[in-house]
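**Q** Sharing a model that was predicted from the sequence below.
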Amino acid sequence: MSLQLVSFDTDRVKDYLFATSVLGDIREASALLDNLNRKIGETIREICPGLSPDDVIYAAGGSALVLLPDDATAKRAVRAIEAFYRGATITASITGVHIPMSPEDLRQRFGEKVRQAGFLLRQRKAEKGNPRTLPAAPYMRFCDACGCLPAAHRDRERDELVCRACWIKRAHRGEARRTLWDRLIQVTEPHRGTPVAPAGWDDLLARTVGNVDYRLHRRPDDFSSIAASSRRPGYIALIYADGNNMGRIVQGLETPRSYRSLAHGVDDLLARVTYCSLMKQVREHPGRPLFELLMAGGDDLMLVCAADCAFPVALDLAEGFEKYSSPLVESLGAKSQAISLSVGVVVAREDFPIAAMRDLATSLQRRAKRRSFEADGEGAIDFMVVTGPGSQNVDRIREEVLTEKGFVLRPREGRYLLTRRPYLASELRRLLDDAMLLKGAGFPPGQLQTMFEAVFESSNQASLAAVQALGRLRAEPRRMLLEFFRHGGCDILYPWRKANGYRDTALVDLVEIYPFV
């Protein structure tokens, strides 16, 4: 008889969260899932009463890892947890798998076994496929909220007929306004994480423990209230962040204790850097409803914020997480570099479908992850400002519009990229600083727009417009523009940089973020 390592992961979390475009429904779904995730340990202890607290290694952020005494108990636990999620939510689900663990595995190869369980888990999740569409009957009324399931209840407060799944979410309405927010502000409590925090976290703890800036923030009622808080009213941003390099670090861990320390440390770190990033904006704009957390746990984060907060928050998240993850990893003796974040940022009007923003943010986050991998793990950020309904395919836009194919006069030869996205965090910080300096120097918006339009004419027209702008500008704006070109590695052929057999420019990226800095 051998121990069993049981691994759980929630299925299609974002589909459940964004079943409707109403902030209240999303917040309620998020709170319900968060509560279920943290009850996995309690449910398993009911199945196996003699279970030690240390055997529940981790349970948060939509996943869990548990050690159980035998194969039969592990199978019973997987069935019970999967039924627990389905019964509690109707439409959300979780997948569980288990693999045997020998005493030697437990002492020396625990990280390797966790990685093996992860592969098995992904395989089983893929085997489930997508949920089937319900047939429509003549007298069936679909849910007014999600439109996916038959209506079964009347929500008198919102005057809607809703399905069982949406009814369950809305039953947690009062709790949803507190759960994720309460967990975030727990970082201000002296006891949270302080006894086991790495030595390199001293200044991070100083900026979170005892800090009460959260009292200056007003919780939003809907996406419109967030959009109204933006410097450019009517725009919101969706930020989706996910950790890099976790698998490599986990594989180097040798014991359940080290994995437990890593999991809880990463969860605490993400909460602390998120709190610091958001409170920096709150101090600058007290009393405004600037943001709402939609998902937070482990190394995953999703939030909506006012558009002009998006780029500073995303950068502070990426830089802070990478900086403080390094001492955390070192304290565990793991033979790997720091954990970084890959971040997708979508800016759009408040009436743009939030589910479409989610899909775009996910695509951008994946592109950022590839960029991070190419740069040996440094955090990366990709972004997009949505200008219309046709902006929903990132790859198509990048290939058809932001290459030489987007020129009115195409070159006979040579490759041109009209964007440098995705950016490493350090590169985007430089771009953001340049945008703020240009705006502070009173750079004429008309000149910026002229150069922007010329980029899509031809490579030569773009260079001519840049030279003309430099000749017409006053001394300080001219100096700022030259600094921008030089920071971007442009040679004498402004605004182009020559690299790896092609030319690219950051001018389009600058113009895209300029209204939101």
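**A** Happy to help now that I have it.

**Q** What helices and strands are in contact with the one helix or strand Ser426 maps to?
**A** Ser426 belongs to helix 425-440 when elements are defined using DSSP states H and E. Under the contact criterion of 3 or more C-beta pairs under 8 Å, 6 or more residues apart in numbering; DSSP states H and E, helix 425-440 touches helix 310-331, strand 380-385, helix 475-487, helix 507-513. Any C-beta I mention is one placed from the backbone N, CA and C, and that applies to glycine too.

**Q** Dump that helix to CSV, keeping only the CA atoms.
**A** Listed next in CSV are the C-alpha coordinates belonging to helix 425-440 (Å, rounded to 0.1, in the frame of the first residue of the first chain):
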residue,chain,number,x,y,z
ALA,A,425,8.7,44.8,-18.2
SER,A,426,11.9,46.9,-18.3
GLU,A,427,11.2,47.9,-21.9
LEU,A,428,7.6,48.9,-21.2
ARG,A,429,8.7,51.0,-18.2
ARG,A,430,11.0,53.0,-20.5
LEU,A,431,8.2,53.5,-23.1
LEU,A,432,5.8,54.6,-20.3
ASP,A,433,8.4,57.0,-19.0
ASP,A,434,9.0,58.4,-22.4
ALA,A,435,5.2,58.9,-22.9
MET,A,436,4.9,60.8,-19.7
LEU,A,437,8.0,63.0,-20.4
LEU,A,438,6.6,63.9,-23.9
LYS,A,439,3.2,64.8,-22.3
GLY,A,440,4.9,66.8,-19.6
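
**Q** Contacts for it next, please.
**A** For helix 425-440, the surrounding residues in contact (C-beta atoms under 8 Å, 6 or more residues apart in numbering) are 311-312, 315, 318-319, 322, 340, 378-381, 420, 423, 448, 477, 480-481, 483-484, 487, 506, 509-510, 513-514, 517.

**Q** Check stretch 264-272 too.
**A** In contact with stretch 264-272 (C-beta under 8 Å, 6+ apart) are residues 58, 60-61, 183-184, 186-187, 192-193, 196-198, 204-205, 208, 243, 246, 296-299, 301, 321, 324-325, 328, 332, 339.

**Q** what about that stretch, average pLDDT?
**A** In this model, stretch 264-272 carries a mean pLDDT of 92.

**Q** again with stretch 167-178
**A** In this model, stretch 167-178 has an average pLDDT of 72.

**Q** can you list contacts of the helix or strand following the helix holding Ser426?
**A** Proceeding N to C from helix 425-440, the next assigned helix or strand is helix 445-455, under DSSP H and E. If you take C-beta under 8 Å, 6+ apart as the criterion, helix 445-455 is touched by 418, 438, 461-462, 464-466, 469, 472-473, 495, 505, 507-508, 510-511, 514.

**Q** again, only using 6 Å
**A** Residues lying outside helix 445-455 but in contact with it, judged by C-beta atoms under 6 Å, 6 or more residues apart in numbering, are 418, 461-462, 465-466, 469, 507-508, 511.

**Q** ok, those residues vs Arg154, which is closest?
**A** Looking at the contacts of helix 445-455 and their distance to Arg154, the nearest is Val511, at 49.3 Å (C-beta to C-beta).

**Q** So what's the residue count around that closest one?
**A** Val511 has 18 neighbours, counted by other C-beta atoms under 10 Å.

**Q** returning to what we had before: ok, of the contacts of helix 425-440, which come out buried?
**A** The neighbour-count test (16 or more other C-beta atoms under 10 Å) marks 311-312, 315, 318-319, 322, 340, 378-381, 420, 423, 448, 477, 480-481, 484, 506, 509-510, 513-514, 517 as buried among the contacts of helix 425-440.

**Q** Quick one: the helices in the stretch 51-200 of the chain, in order.
**A** Counting by DSSP state H, counting those that start in this stretch, the segments of the stretch 51-200 of the chain that form helices are 71-89, 103-108, 110-128, 164-171, 173-176, 179-185.

**Q** Please identify the deepest-packed of the ones you listed.
**A** Each of the helices of the stretch 51-200 of the chain was given a mean neighbour count from mean count of other C-beta atoms under 10 Å, and the largest, a mean of 22, is that of helix 164-171.

**Q** re earlier: can you flag the buried ones in the contacts of stretch 264-272?
**A** 58, 60-61, 183-184, 187, 192-193, 197-198, 204-205, 208, 243, 246, 296-299, 301, 321, 324-325, 328, 332, 339.

**Q** Now intersect the residues you listed with the strands, please.
**A** In this view, the buried ones among the contacts of stretch 264-272 that belong to strands under DSSP state E are 58, 60, 243, 296-297, 301.

**Q** Now for those residues: which two are most distant?
**A** Largest separation among these by C-beta to C-beta: Tyr58 and Leu301, giving 17.1 Å.

**Q** Look up phi and psi at Cys143.
**A** When read as degrees, to the nearest 10, the backbone of Cys143 gives phi -60, psi 130.

**Q** Which residues does stretch 288-298 contact?
**A** Outside stretch 288-298, the residues that touch it by C-beta under 6 Å, 6+ apart are 26, 30, 60-61, 180, 218, 220, 225-226, 229, 267, 278, 281, 302-306, 309.

**Q** Tell me how far it lies from the chain's centre.
**A** 11 Å (C-alpha atoms, centre = their mean, to the nearest Å).

**Q** Same check on stretch 143-158?
**A** For stretch 143-158, the separation from the chain centroid amounts to 29 Å (computed by C-alpha atoms, centre = their mean).

**Q** how about it: buried residues?
**A** 143-146, 148-149, 151, 153, 155.

**Q** what does stretch 39-59 give?
**A** Across stretch 39-59, burial judged by 16+ other C-beta under 10 Å covers 40-41, 43-45, 48, 51, 55-59.

**Q** Name the pair among these with the greatest separation in space.
**A** Maximum pairwise distance among the buried residues of stretch 39-59 (C-beta to C-beta): 16.8 Å, between Cys48 and Tyr58.

**Q** pLDDT below threshold where in the stretch 51-200 of the chain?
**A** 129-138, 172-178, 192-196 (pLDDT under 70).

**Q** circling back to that earlier point, how about the buried residues of stretch 143-158 in a markdown table, adding distance to Val162?
**A** What follows is these, written out as a markdown table (distance: C-beta to C-beta, whole Å):
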| residue | distance to Val162 |
| --- | --- |
| Cys143 | 5 |
| Asp144 | 6 |
| Ala145 | 5 |
| Cys146 | 8 |
| Cys148 | 11 |
| Leu149 | 9 |
| Ala151 | 6 |
| His153 | 6 |
| Asp155 | 5 |
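
**Q** Closest one of those residues to Phe18?
**A** Cys146 (9.6 Å).

**Q** Once you drop chain neighbours, what's closest to the closest one?
**A** Counting by C-beta to C-beta, 6 or more residues apart in numbering, the nearest residue to Cys146 once its immediate chain neighbours are dropped is Ala19, at 4.2 Å.
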